[in-house]
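1. sharing a sequence plus its predicted fold:
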Amino acid sequence: MLAEYWPVLVFIVVAAGLGIVLLAIGLIVAPRRPGAEKLAPYECGFEAFEDARMKFDVRYYLIAILFVIFDLEIAFLFPWAVVFDRIGLIALVEMALFLGLLVVGFIYIWKKGALEWE
């Protein structure tokens, strides 16, 4: 039974070896000319103006979570659409319920003002 896993082990060893070799080549061949400008902090096109430990507004995280939720919705729709002709009416109703719940959630966060940016 372990003989069946031999190609997987070879693949992992080759991939790890290739990664290590490419990193080593990059370290050996890459030019090293650090200067004052290269070593200076850089944030979004302008100089850093506050401490790195400043508090972030919770809306950043809220928008990120909302993006993940609605991105996953699309990820669930693609496989469903591929097999739509074989899964029947029950799956259509289930997907309608799924999308309906997401729409209700979207309306809720919209009404709560989570999408407003001040």
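-> Cool, got the structure.

2. low-confidence ranges, this protein, go.
-> By pLDDT under 70, the weakly predicted segments of the chain are 41-52, 54, 56, 118.

3. and Ala114, helix, strand or coil?
-> Taken by DSSP: H, G, I helix; E, B strand; the rest coil, the conformation at Ala114 corresponds to coil.

4. list the contacts for it?
-> Contacts for Ala114 (CB atoms under 8 Å, 6 or more residues apart in numbering) come out as Arg59, Leu62, Leu66. Glycine gets a C-beta too; all of them are placed from N, C-alpha and C.

5. switch the cut-off to 6 Å
-> Applying CB atoms under 6 Å, 6 or more residues apart in numbering to Ala114 gives the contacts Leu62.

6. what's it sitting at in phi/psi?
-> Backbone dihedrals for Ala114, given as degrees, to the nearest 10, come out at phi -70, psi -20.

7. now swap in Glu37 and tell me
-> phi -70, psi -40.

8. and it, how many neighbours?
-> When neighbours are counted by other CB atoms under 10 Å, Glu37 registers 7.
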